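In: Show me how the following folds:
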Amino acid sequence: MQQDNLPRWDSASNGFYEVWYLKLNLEDGPALWLRFTTLSLKNGLKKVAETWAMLFEPSKLGATKLALKNTFPVSHYSTLPDGTIKIDQCVFASDHTQGSVTSKSNRIEWDLKFNPNDFTFFHVPSALEKLKLTKSVVCKPNVNIFF
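Out: Model prediction:
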C-alpha cells in the first residue's frame, strides 16, 4: 500500500498534475478536507505546488464553508525517500499530516495522525494502465481510517 501512494512526478517533467488529499468527516459534525497538488503545464510556463484546506461546519442555520488555497513556485515542493510530501511548511506523510493554509484574514491549521491500512482502491484497472490506454492513474489508499 505504501508504494501505491508514492509521488510519481520527477519535479522536472512538463505536462503533469498530481493530487493527494484527505477527507476527515465527523458524523453530524464538521468536516476538514486537505489537498496537496503539483501542476506542470505542457508548455512549461507554469509549475506550481499548492496546499488547500476546506472546512465545513454544520449548524442549525445552515453550514459554514471556508476554502483556502496557497500557491507556491514548484521550488517549495519536495519529497522524502519514504514518500512524504512537503509543500512549503505543510507535510503529508503515510501516517500524519500537518501544516496551515492562510488567505486574507482566514487560517486553517492542522496536525493529524492516523493509522494507515493495507487497502488501496484503484479506479483504473491495471491492464489499461499497462497498455497505456489511460492518461490518468487514480488510486485511493487508506479508505476509512481513524484520525
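In: Which stretches in the chain count as helices?
Out: Secondary structure of the chain by DSSP state H: the helices cover 126-130.
In: Tell me where it has strands.
Out: 16-25, 31-40, 47-59, 62-73, 77-79, 85-87, 90-92, 96-103, 106-113, 120-122, 139-141 (DSSP state E).
In: how distant is the second one from the center of its chain?
Out: Translated: strand 31-40. Its chain's C-alpha centre and that of strand 31-40 lie 4 Å apart, by Cα atoms, centre = their mean, to the nearest Å.
In: Give me the mean pLDDT for it.
Out: Average pLDDT, strand 31-40: 93.
In: Adjacent strands (with direction) for it?
Out: strand 16-25 (antiparallel), strand 47-59 (antiparallel) (DSSP bridges).
In: Repeat that for the fourth one.
Out: Counting by DSSP bridges, the strands paired with strand 62-73 are strand 47-59 (antiparallel).
In: The strand it pairs with vs strand 96-103, what angle?
Out: Orientation check (axes from the mean of the first three to the mean of the last three Cα atoms, to 10 degrees): strand 47-59 against strand 96-103 gives 90 degrees.
In: pLDDT averaged over strand 47-59 - what is it?
Out: For strand 47-59, the per-residue pLDDT averages 92.
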